[in-house]
Each structure stands twice: as C-alpha cells, then as structure tokens.
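Asks: Return atomic coordinates for the entry below.
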Amino acid sequence: MKTKLPYYAVIFTSTQTENIEGYSEMAEKMENLAKEQKGYIGIESARNTVGITVSYWKSLEAIKAWKANTQHLFAQQKGREQWYNWYNVRICKVEREYEFEKAN
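Replies: Numbers count the residues shown, from 1 in each chain. Got it, this is the predicted structure:
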C-alpha cells in the first residue's frame, strides 16, 4: 500500500465470543462502508484465536467521522453485546514504512 506519509492506522485487536452469528456479514458491510468514507486508505485483517484488523486513514478527523458513523455505531454496539469478549483499539501515526517482495 503506497500512500503519502504520514497517515494513520487504527489497530483493532479482539477475541470473539462463541456466538458469532451474523459477524462475517457485518464485517463485510463495515469494510464496504468504510471504503466510502472520506479519508479512507485501506484495510488488512487476520483472524484466528485473536483477530487483528488494521484500517488506514488520511487524518484523525477521518477516523473520528468513521467512529461516529451511525451504521458503524450500530455495529460497535452489536459487537459489544454479542461478538466480542474483549477488544482494544490503538490509533497510530505512520511516519515511515518499507516493504519486501520476493522476485518471481
């Protein structure tokens, strides 16, 4: 992911309950909705025992607007009530990045 530095990363780390009915559908809906938000850059996610989702944003204002989105607020409430035993949110400023890619 190449984007102008600096930008922001929201790191959402969680553990789920056993009742995850509807979770995948809501996660997909929230990802699609986030893509429509001003300032959205991208997302990366992995789920096993602990789930980690990192979304990327152009500004803190864009992150605040996403957090306050009414559909996102509903998903947050549903997550606290049904899907998550625990979660942690970290907001970080990305000032430098690099990557490696093996040549074919």
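
Asks: In this structure, where's the longest helix?
Replies: Counting by DSSP state H, the longest helix found in the chain is helix 23-35.

Asks: which strands and helices sit next to that helix?
Replies: strand 40-47, helix 70-78 (3 or more C-beta pairs under 8 Å, 6 or more residues apart in numbering; DSSP states H and E). For every residue, glycine as well, the C-beta is placed using N, CA and C.

Asks: For the last one, give me every contacting residue.
Replies: I take that to be helix 70-78. For helix 70-78, contacts defined as C-beta atoms under 8 Å, 6 or more residues apart in numbering pick out Gly22, Met26, Lys29, Met30, Leu33, Ala34, Trp66.

Asks: how far is it from where the chain is centred?
Replies: A distance of 13 Å separates the centroid of the chain from that of helix 70-78, by C-alpha atoms, centre = their mean, to the nearest Å.

Asks: For it, buried residues please.
Replies: Going by neighbour count (16 or more other C-beta atoms under 10 Å), the buried part of helix 70-78 is His72, Ala75.

Asks: Repeat that for stretch 54-67.
Replies: Val54, Ser55, Tyr56, Trp57, Lys58, Ala62, Ile63, Ala65, Trp66.

Asks: quick one: stretch 72-84 to chain centroid distance?
Replies: On C-alpha atoms, centre = their mean, the centre of stretch 72-84 falls 14 Å from the chain's centre.

Asks: What is the end-to-end distance of that stretch?
Replies: 15 Å (C-alpha to C-alpha, to the nearest Å).

Asks: Quick check: mean pLDDT of that stretch?
Replies: Averaging pLDDT along stretch 72-84 yields 97.

Asks: what residues are up against Trp57?
Replies: Taking C-beta under 8 Å, 6+ apart as the test, what Trp57 contacts is Tyr7, Tyr8, Ala9, Val10, Gly39, Tyr40, Ile41, Ile63, Trp66.
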